[in-house]
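**Q** my questions are about this predicted structure, shown below with the sequence.
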Amino acid sequence: MKRGKLRVLLGAAPGVGKTFTMLEEGRRLRAEGRDVVVAVVETHGRAATAALVDGLEVVPRRTEQHRGVELDDLDLAAVVARRPDVALVDELAHTNAPGGPHEKRWQDVEALLAAGIDVISTVNIQHMQSLGDVVREITGTVQRETVPDAVVRAADQIEVVDLSPQALRERLSDGLVYPAARIDAALSNYFRLGNLTALREIALLWLADEVDDALKRYRAEHGIDHRWEARERVLVALTGGPEGETLLRRGARIAARSAGGELAAVHVTTNDGLRERHPGALGKQRALLEQLGGTYHQVVGDDVPSTLVRFARSIDATQIVIGVSRRSRATAAVTGPGIGNTVIQESGDIDVHVVTHERAGGGIALPKLGGSLSRGRVVAAFVLALVAGPLLTWALSLTHDPDSITVDVLAYQLLVLVVALVGGMLPAVFAAVLSGLSLDFFFVQPLHQVTVQQPWHLVALVMYVISAVLVSFVVDRSARRSRTARRAAAESGLLVGIAGSVLRGDDALQALVDRTREAFGFTGLRVRQGEVVPATSGTFEETPDATTSLPSGAVLEFAGAPDDPTQRRLLRVVEQQIDAALEHRALTRTAVDAERIAAADRVRSAILAAVGHDVRRPIAAASAAVQTLRASDIRLSETDREALLATADESLGQLAVLLGDLLDVSRVQAGVLAVTPVPLPLETVVAPALDELELGPDDVDLDLPADLPQVLADPVLLQRVIVNLLANAVRYSPDGTSVRVAASAFGGGVELRVTDHGPGIPEVQRNDVFQPFQRLGDTDNDTGLGLGLALARGFTEGMGGTIEVDDTPGGGLTMVVRLPIAGHLGVEAR
């Protein structure tokens, strides 16, 4: 029997439209004449989804009794007996009700496919078995219903039903996904914008991996060997040297620039294993690679460059990252091109990045101006004279003829010029003398004797030396100018970097010190202001090797300072920049202090205004009531006396609350708030807050789960926070509506949400509500000083929590208080 085909509709989260799309496809196939049945579909009470079921044949479900509860599920035997062309099976990861032939619904789907029935099914990315840990880390939810990745990957067709996170949240707010009672909890937990964005990315990347595997199978089946750049794959070559971490981080940045880019690293081991010089370093680099999301490979091959390129082609790498050779130029000149050059030659259409590192020359160190030609070039020139001279003599002796003396002379002259070009004066003079002696000994009569019988022989030798000196002078001057130009370019680059560091702001001083130490080759460099060291780089012994005083009074201390007079001019410029950075830091600190003083002055002014206005009112009312009671010329009835006493009592109570709030906000502003956090159940604080405000079931809708973990908080401060939030919510809620207080655990914290359906707060004013003495345009003086939310934020942050403003679905305001869970990840009572 021909096996059926499986089509899977993959979604990032519930509500994106998988079931809707499946039913639409079923109706389309039915219109084309296919025999389509609904094996099982879960509408979750969504009217639009249920409407699409109408008109499609639905196979009745089987029913089972389990612990006194009637359960219904897919009837596999009935669907097989019906033998449709296509069966619609919702929720592939579902766990079947007891009594069926299989534990999981995906096993039922396998049976339908084996029976020759095509199946269209749905699944969310969080149900993939390999992604359980990732989803739990993102959402804080453990997925108990999963499906093996291999089952979905084996599908003949996989489609992502995509919906932007914001659009999904809007659908949820409109009641198109869950009932109204579940909307608030869903929006504040699983359906956070960040959660949905992460799940969407995971779904797309998972499908991209599946498409990539399918592409590899297609190329293998059709014998396609050349590279297809379907996505960026960056391969980092690791030698086991200390530069590996630098290469890995650079490769990770290159891969991150391309959507879906992959990072891999490979270490090539020779058959004899002699290149395993740093096994410990390789282990650390492998751990770093895993943190960067890459994969590690190790291959064996005697020809390292060819093995590396072959492996790169085998994984369809688009870019290779290798390090600059640690060999010197002289060594490279003698031993030939290194691994890097060979890789570049053999890579073909694969891009190769050659990355510098500390072992390749010390970064941006300035070139020295001492000698015009490097020691390596001089040594190479001597080697060239010693090797090429005898070879040239041997070659000329094979074809020697008395009439060819002119050719012999010119050949030796050419050798002298080449040696002069490579190594300058000393090797050139050495080559000239060696060439003159060789010419006289092997090619001038009498042979095999060094004699000067004719004056022109001596003249020739002198001309050799003069030619060598002249050419070497030109070479030396050219090299000196080249080095001077490189020095100027390096100085310019250093100064540009320094200027950029100063302009970047707060970290300018440290960046400046780091860059200077690296550029000038100091072992250590630090800035000292008295006993304070605001910036340091490198290492120091007990005392610095040199010091320099700056105009600001600070002192620059150097360790391992190179004795190079040519660097002093540029160093003076850098010292001025460091002094400017210090001045910039001092001015910034002064500006911050001034802003703090200004903010404190604003608070003091507001407190004085409150004392002069809001506090005066209850004092005046209480004073008038007491004076009236004490007046001997006024006759008061018992009712009047009780009213005056109540007025005085109420006014003094308001005064006590106002003064308490003023004292609290002063403590918050001064940073001296006393906090004593202890583990406590949230309901032990919410209930007293409700009693304090005299709120009952008709006023507040409570949703505090019984299994809610304890929070780490100060009970007195937390009660004040809840009282302030509830008072605001009740005040602004329309008549006939209740305030909702809900709590849920998420990640390492507990969120308490106080929700009202009032006018809300414009987004541009949300930060202002937490400032002291803010009423957002409310001129009703009976509402207090506008300190409630300022105190709520101060108290919450003092307990290690956060408080935020959010929209209520359908209109209104939701205040979200997040507190740490007691004992979570080392959080304990202090």
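**A** Thanks, I have it.
**Q** may I see the buried residues of stretch 109-122?
**A** For stretch 109-122, the neighbour count (16 or more other CB atoms under 10 Å) marks 109-110, 112-113, 115, 117-122 as buried. Any C-beta I mention is one placed from the backbone N, CA and C, and that applies to glycine too.
**Q** quick one: low-confidence parts of the stretch 401-550 of the chain?
**A** Counting by pLDDT under 70, the stretch 401-550 of the chain shows low-confidence ranges at 402-403, 444-445, 450-454, 456-458, 460-461, 464, 483-484, 486-507, 518-521.
**Q** let's have the buried residues of stretch 109-122 in JSON lines, adding secondary structure and distance to residue 557.
**A** Converted to JSON lines, the buried residues of stretch 109-122 look like this (DSSP: H, G, I helix; E, B strand; the rest coil; distance: CB to CB, whole Å):
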{"residue": "109", "secondary structure": "helix", "distance to residue 557": "73"}
{"residue": "110", "secondary structure": "helix", "distance to residue 557": "74"}
{"residue": "112", "secondary structure": "helix", "distance to residue 557": "79"}
{"residue": "113", "secondary structure": "helix", "distance to residue 557": "76"}
{"residue": "115", "secondary structure": "coil", "distance to residue 557": "83"}
{"residue": "117", "secondary structure": "coil", "distance to residue 557": "81"}
{"residue": "118", "secondary structure": "strand", "distance to residue 557": "78"}
{"residue": "119", "secondary structure": "strand", "distance to residue 557": "75"}
{"residue": "120", "secondary structure": "strand", "distance to residue 557": "74"}
{"residue": "121", "secondary structure": "strand", "distance to residue 557": "71"}
{"residue": "122", "secondary structure": "strand", "distance to residue 557": "68"}
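**Q** now for these, which pair is the farthest apart?
**A** The most widely separated members of the buried residues of stretch 109-122, counting by CB to CB, are 115 and 122 (20.3 Å).
**Q** which helix or strand contains residue 169?
**A** Residue 169 is part of helix 165-173 when elements are defined by DSSP states H and E.
**Q** which other residues reach that helix?
**A** Outside helix 165-173, the residues that touch it by CB atoms under 8 Å, 6 or more residues apart in numbering are 13, 15-16, 163, 177-178, 183, 186-187, 191, 193, 196-197, 200, 809-810.
**Q** what's the farthest-apart pair in the residues you listed?
**A** 200 and 810 (25.1 Å).
**Q** higher neighbour count, the two?
**A** Neighbour totals were compared for residue 200 and residue 810, and residue 200 leads with 21 against 12 (other CB atoms under 10 Å).
**Q** look up phi and psi at the more buried one.
**A** The phi and psi torsions at residue 200 (degrees, to the nearest 10) take the values phi -60, psi -40.
**Q** report the separation between it and residue 172.
**A** When distance is defined by CB to CB, to the nearest Å, residue 200 is 15 Å away from residue 172.
**Q** one more: residue 744?
**A** Remark: distance between residue 744 and residue 172 (CB to CB) = 16 Å.
**Q** cool, and residue 465?
**A** Applying CB to CB, the value for residue 465 to residue 172 is 92 Å.
**Q** okay, those two: which has more neighbours?
**A** Under the neighbour definition other CB under 10 Å, residue 465 and residue 172 were set side by side, and residue 172 has more, 22 against 16.
**Q** how much space between the more buried one and residue 178?
**A** Plainly put, residue 172 is 6 Å away from residue 178 if you go by CB to CB.
**Q** now for those two: what residues contact both?
**A** Listed as contacting both residue 172 and residue 178 by CB under 8 Å, 6+ apart are 15, 186.
**Q** and the strands in the stretch 701-830 of the chain?
**A** Here the stretch 701-830 of the chain has its strands, by DSSP state E, counting those that start in this stretch, at 711-713, 739-746, 749-755, 802-807, 813-820.
**Q** most tightly packed of the ones you listed?
**A** Highest mean neighbour count of the strands of the stretch 701-830 of the chain: strand 711-713, a mean of 27 (counted as mean count of other CB atoms under 10 Å).
**Q** that strand - contacts with which helices or strands?
**A** In this structure, strand 711-713 packs against strand 678-680, strand 813-820, with contacts taken as 3 or more CB pairs under 8 Å, 6 or more residues apart in numbering; DSSP states H and E.
**Q** chain center to that strand, what's the gap?
**A** 30 Å (CA atoms, centre = their mean, to the nearest Å).
**Q** ramachandran angles for residue 144?
**A** Backbone torsions for residue 144, taken as degrees, to the nearest 10, come to phi -90, psi -20.
**Q** ok, it - contacts?
**A** Listed by CB under 8 Å, 6+ apart, the contact partners of residue 144 are residue 95.
**Q** tell me how far it lies from residue 385.
**A** Residue 144 is 80 Å from residue 385, where distance means CB to CB.
**Q** before we move on, what about residue 698?
**A** Distance of residue 698 to residue 385, given as CB to CB: 105 Å.
**Q** confidence-wise, which helix or strand of the chain is lowest on average?
**A** Each helix and strand of the chain was given a mean pLDDT (mean pLDDT, DSSP states H and E); the minimum falls on helix 329-335 at a mean of 47.
**Q** now residue 309: closest residue in space, sequence neighbours ignored.
**A** In this structure, residue 309 finds its nearest non-sequential neighbour in residue 346, 4.7 Å apart by CB to CB, 6 or more residues apart in numbering.
**Q** neighbours of the one you found, just the number please.
**A** Using other CB under 10 Å, residue 346 is surrounded by 16 other residues.
**Q** one more: the one 5 residues further on?
**A** Applying the criterion other CB under 10 Å, we find 14 residues in the vicinity of residue 351.
**Q** okay, residue 698 and residue 385: which has more neighbours?
**A** Counting neighbours by other CB under 10 Å for residue 698 and for residue 385 shows that residue 385 has the greater number, 26 against 8.
**Q** residue contacts, the more buried one?
**A** By CB under 8 Å, 6+ apart, residue 385 lies in contact with 415, 419, 427, 430-431, 434.
**Q** repeat that for residue 62.
**A** Residue 62 neighbours (CB under 8 Å, 6+ apart): 72-75, 78, 97, 99-100.
**Q** 7 Å instead, please
**A** Counting by CB atoms under 7 Å, 6 or more residues apart in numbering, residue 62 touches 72-73, 75.
**Q** ok, now how distant is it from residue 108?
**A** Computed as CB to CB, the residue 62 to residue 108 distance reads 11 Å.
**Q** likewise residue 269?
**A** Shown here: residue 269 relative to residue 108, a distance of 49 Å by CB to CB.
**Q** okay, the two: which has more neighbours?
**A** Remark: of residue 269 and residue 108, residue 108 carries more neighbours, 28 against 18, as counted by other CB under 10 Å.
**Q** can you list contacts of the helix or strand in which the more buried one is found?
**A** Element membership for residue 108, per DSSP H and E: helix 105-114. With contact meaning CB under 7 Å, 6+ apart, helix 105-114 is reached by 3-4, 6, 74, 76, 79-80, 87, 89, 91-94, 96, 102, 119, 121, 147, 151.
**Q** just how off-centre is it within its chain?
**A** Remark: helix 105-114 is offset 41 Å from the chain centroid, using CA atoms, centre = their mean.
**Q** cool, stretch 546-565 as well?
**A** 38 Å.
**Q** let's number from 22 now, not from 1
**A** Sure, I'll start counting at 22 from here, so that last one is stretch 567-586.
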